[in-house]
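Student: have a look at this fold, sequence not included:
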């Protein structure tokens, strides 16, 4: 994403080429509150959570004139949602497209911070442990679980056997392209799609992309 932000930043400074802006700025996302909440709750899976004793923050998401506010707390190595921002130590303001892109690609917040597209203000007091958690790099965040939509036709917790039985050759071809040769495997009836993909070396983003590809392909095929 760094190359995107470098491109965006050059456009912002020159204010000349809107086509370059459109090329580099993430777009096409819709605000998904459940996914955003799950993302922040999943931060407690990171080892950096052990350094955060107690901290509260407010997230303000801007989406085409609409704003969405969420409040979170961190205490006793857990992340939880709050109903208001009464205890907030920090306010974070970010455009919806950047937030959803960051979540989908499991990026570090350092990426949007460098691009000056995310505002952090009213911090009191400064908490280096929280920043260490928020800006954890991709190789640390790879430990975070996959949150796919359980309402999708194919989701992360379906067994591989269920996927192959229900969607047949089209699913098998896509899984093969991603290194999963699962027909005839004795573990297929027990292992979830996520478990099998991770065991075959796919990182969280690659697992998410696999599930998205399976859903798109089967929707087209079965429509």
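Tutor: Sure thing, it's come through. Given the structure is predicted, the values throughout are model-derived calculations rather than measurements.

Student: point to the residue nearest the middle of the protein.
Tutor: Here the mean C-alpha position of the chain is nearest to the C-alpha of residue 103 (Cα atoms, centre = their mean), at a distance of 2.4 Å.

Student: what's the domain layout of this structure?
Tutor: If the domains of the chain are taken from automatic domain parsing, they occupy 2-141, 160-222, with pieces of a single domain joined by a plus sign.

Student: of those domains, which is nearest residue 153?
Tutor: Shortest distance between residue 153 and those, using Cβ to Cβ, is found for domain 160-222: 5.6 Å. The C-beta positions use only the backbone N, C-alpha and C, and glycine is treated the same way.

Student: now that closest one: average pLDDT?
Tutor: Domain 160-222 shows a mean pLDDT of 86 in the predicted model.

Student: could you do stretch 41-55 as well?
Tutor: For stretch 41-55, the mean pLDDT works out to 88.

Student: buried stuff in it?
Tutor: When neighbours are counted by 16 or more other Cβ atoms under 10 Å, the buried residues of stretch 41-55 are found to be 42, 43, 44, 46, 48, 49, 52, 55.

Student: so how far is residue 216 from the first one?
Tutor: Spelled out, that is residue 42. From residue 42 over to residue 216 the distance is 24 Å, taken as Cβ to Cβ, to the nearest Å.

Student: the chain: strands as residue ranges?
Tutor: If you assign secondary structure with DSSP state E, the strands in the chain sit at 54-63, 66-75, 78-82, 90-95, 119-121.

Student: rebuild the domains of the chain as TSV, extending it with distance to residue 152.
Tutor: Below are those laid out as TSV (distance: least, Cβ to Cβ, whole Å):
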stretch	distance to residue 152
domain 2-141	12
domain 160-222	5
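
Student: number of nearby residues for the nearest residue in space to the residue nearest to the centre of the chain that is not next to it in sequence?
Tutor: Spatial nearest neighbour of residue 103, chain neighbours left out: residue 39 (4.8 Å); criterion: Cβ to Cβ, 6 or more residues apart in numbering. Under the neighbour criterion other Cβ atoms under 10 Å, residue 39 is assigned a count of 18.

Student: please begin residue numbering at 55 from this point
Tutor: Happy to do that; since the first residue is 55 now, the last one works out to residue 93.

Student: and the pLDDT at residue 64?
Tutor: What the model reports as pLDDT for residue 64 is 45.

Student: tell me the one of the buried residues of stretch 95-109 nearest residue 140?
Tutor: Scanning the buried residues of stretch 95-109 for proximity to residue 140, where the rule is Cβ to Cβ, the winner is residue 109, at 14.1 Å.
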